[in-house]
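**Q** this is a predicted model, with the sequence first.
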Amino acid sequence: MAPERIRRALRLRAAVPADLPRLSELAERLADFGPPAWRTSGEIVEGELRTVRRHLESPAPDAALVVAADGAEAVGFVYVETLTDYFTGLRHGHIGILSVAKEAEGTGVGGALLGFAEDWARQRGYAILTLNVFDGNRRARSVYERRGYAPETLRYVKALG
């Protein structure tokens, strides 16, 4: 699929239960970077899919699951939700999941999904939008940093064996 074709035909829409098989395929990408030694690819993907399935079965009013589609095919998706800031106690937007198909990397799909998430948070009056990214996921980190996101805290983990 040509990158310019994706940009011209890309449309964002709410995910529906019939999207689950394709969302499951796209979720596999979330562990492509090579997870830390104490995490398996399977547990990362399954953890993300639990959230997707839960939302498709019973959508929360303060969350959204949106698909980026090139024609009929989903080429990416984002899940946004409302969280409470630990330090201020204020509600804010949070990107819980963002995945783009390998063939759609660098075509603007990720940017369109981030733009949706930012608009979603602004429309709710949130002052910040957060996301988590694995330290080893250098490609995603560089995309986020180019879009103006900056690291805030670092979570350290020690596997206790």
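**A** Everything's here; your move.
**Q** for the nearest residue to D85 once chain neighbours are set aside, grab phi and psi.
**A** Counting by CB to CB, 6 or more residues apart in numbering, D85 lies nearest to H92, which is 5.4 Å off, once chain neighbours are set aside. To be clear about C-beta, it is placed using only N, CA and C from the backbone, and glycine gets the same treatment. Backbone geometry at H92, expressed as degrees, to the nearest 10, gives phi -150, psi 170.
**Q** check contacts around H92.
**A** The contact partners of H92, taken as CB atoms under 8 Å, 6 or more residues apart in numbering, are 82-85, 121, 126-130.
**Q** one more pass at 6 Å, please.
**A** Listed by CB atoms under 6 Å, 6 or more residues apart in numbering, the contact set of H92 reads 85, 126, 128.
**Q** and those as CSV, adding secondary structure, distance to L98 and neighbour count?
**A** Conversion of those to CSV gives the following (DSSP: H, G, I helix; E, B strand; the rest coil; distance: CB to CB, whole Å; neighbours: other CB atoms under 10 Å):
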residue, secondary structure, distance to L98, neighbour count
D85, coil, 20, 14
Y126, coil, 17, 19
I128, coil, 17, 14
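**Q** nearest to A9, of those?
**A** For those, the minimum distance to A9 (CB to CB) is 30.4 Å, reached by Y126.
**Q** I'd say that closest one and G93 touch.
**A** Yes: judged on CB atoms under 6 Å, Y126 makes contact with G93 at a distance of 4.6 Å.
**Q** thank you, goodbye.
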